[in-house]
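Sequence first, predicted model second:
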Amino acid sequence: IACRAAKPTTLQIATYNVLNPVHKSVGNNREADDDKLWLARGRRQAAFVADALGAADVICLQEWFFEPRWQKLFEEALPSHRLCTARRRGVHPHDGSERRDGLAIFSRLPLEAVAAPVFDDGRSGLVATLQRRGDRPVVVATCHLPFADAAARQAQASACAAAAERQARRDDASLTVLCGDFNENAAAPACRGLEARGWTNCAAAAATQALDSGTGGTTFLGTTHRAHTGDALSCDHIFATDRSAGGQQSSGCFDAAGARLVAARRVADTWDPEFVDSDHTPVVAEFSFRAAKASADTVEADP
């Protein structure tokens, strides 16, 4: 009897800020005040997410709109995924109404546990333990850091990372990922702080792999956000923990058991270059996992 090695499995994670209708200005008003406007854009957004990101196993969304009709649009567009959310605390400063923005994770992997650490300004993170078939789970966390306060960005990124780390230890995760809208580039304090904790920026790791292969590479993915100030920013990031043997970092390797980064990319080819439907573009990272052992269907008898 000859046994073939089992094929590695893959995991694709996407992050995208969908632009909450409460935050989208329409003249002197807000899109959320006009059902016709936000429903039309919601349909376009849900269709885009399904077409461009539907193949991803996990889709992390920022500025999620807490409105049943908005949720229904996305759930109908992503029937193979299940939803968990974390709503921001407090009130909208423009009218004093309860906040209707927050975070969402759509996952085609079974959801084992969820946590939503709350920060001082009412924002929260969203941390989910997801079960991979026949193997150890993964922990995926997402966040949306504040635009104007660099110290708060760094504190919240660190707090969300700590919550994800705790959950990963408790659930014996094989990989821990933190992604979202950081409102700063990869060289700024929140991102550098994560690297100091032992997290790796997947864009930088992918660039290092490309350099190692001789094909070149770019640490920054390019513009992922057109800010209200008009600035073009690269601020949507995916980080992963590096738990390689001996604690030594290597390009793209995140786990002694064999979790590796395959690619990190910006999804821009099919998106609106004028940033009309969202002021962000999605970012996707793909990981592979070395199979621990051959499964029954990989065993063959010699003729």
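Sure, I can see it.

Pull out the buried positions in stretch 9-28.
Neighbour counts over stretch 9-28 (16 or more other C-beta atoms under 10 Å) mark 11-24 as buried. (Glycine included, C-beta is placed from N, CA and C.)

and which of these is nearest Leu83?
Distance to Leu83 across the buried residues of stretch 9-28 (C-beta to C-beta) is lowest for Val18, with 13.2 Å.

For the closest one, give me phi and psi.
When read as degrees, to the nearest 10, the backbone of Val18 gives phi -90, psi 0.

ok, it touching Leu61?
Yes - here Val18 reaches Leu61: they are 5.4 Å apart, a contact under C-beta atoms under 8 Å.

hey, what's in contact with both of those two?
Counting by C-beta atoms under 8 Å, 6 or more residues apart in numbering, the contacts common to Val18 and Leu61 are Val49.

quick one: the nearest residue to Ala232 once chain neighbours are set aside from Gly230, how far?
Distance criterion C-beta to C-beta, 6 or more residues apart in numbering; nearest residue to Ala232, sequence neighbours excluded, is Thr223 at 4.3 Å. Noted for Thr223: a distance of 12 Å to Gly230, by C-beta to C-beta, to the nearest Å.

So between those two, which is more surrounded?
More neighbours surround Thr223 than the other of Thr223 and Gly230, with 18 against 6 (other C-beta atoms under 10 Å).

count of residues packed around Glu76?
Glu76 - counted by other C-beta under 10 Å - has 11 other residues nearby.

does the residue lying closest to it once chain neighbours are set aside sit in a helix or strand, and which one?
The shortest distance from Glu76 to any non-neighbouring residue, by C-beta to C-beta, 6+ apart, is to Ala46 (7.4 Å). Secondary structure assignment for Ala46, by DSSP states H and E: helix 35-48.

moving C-terminal of that helix, what's the next helix or strand?
Assigned by DSSP H and E, the successor of helix 35-48 is strand 58-65.

Thanks again, I'm all set now.
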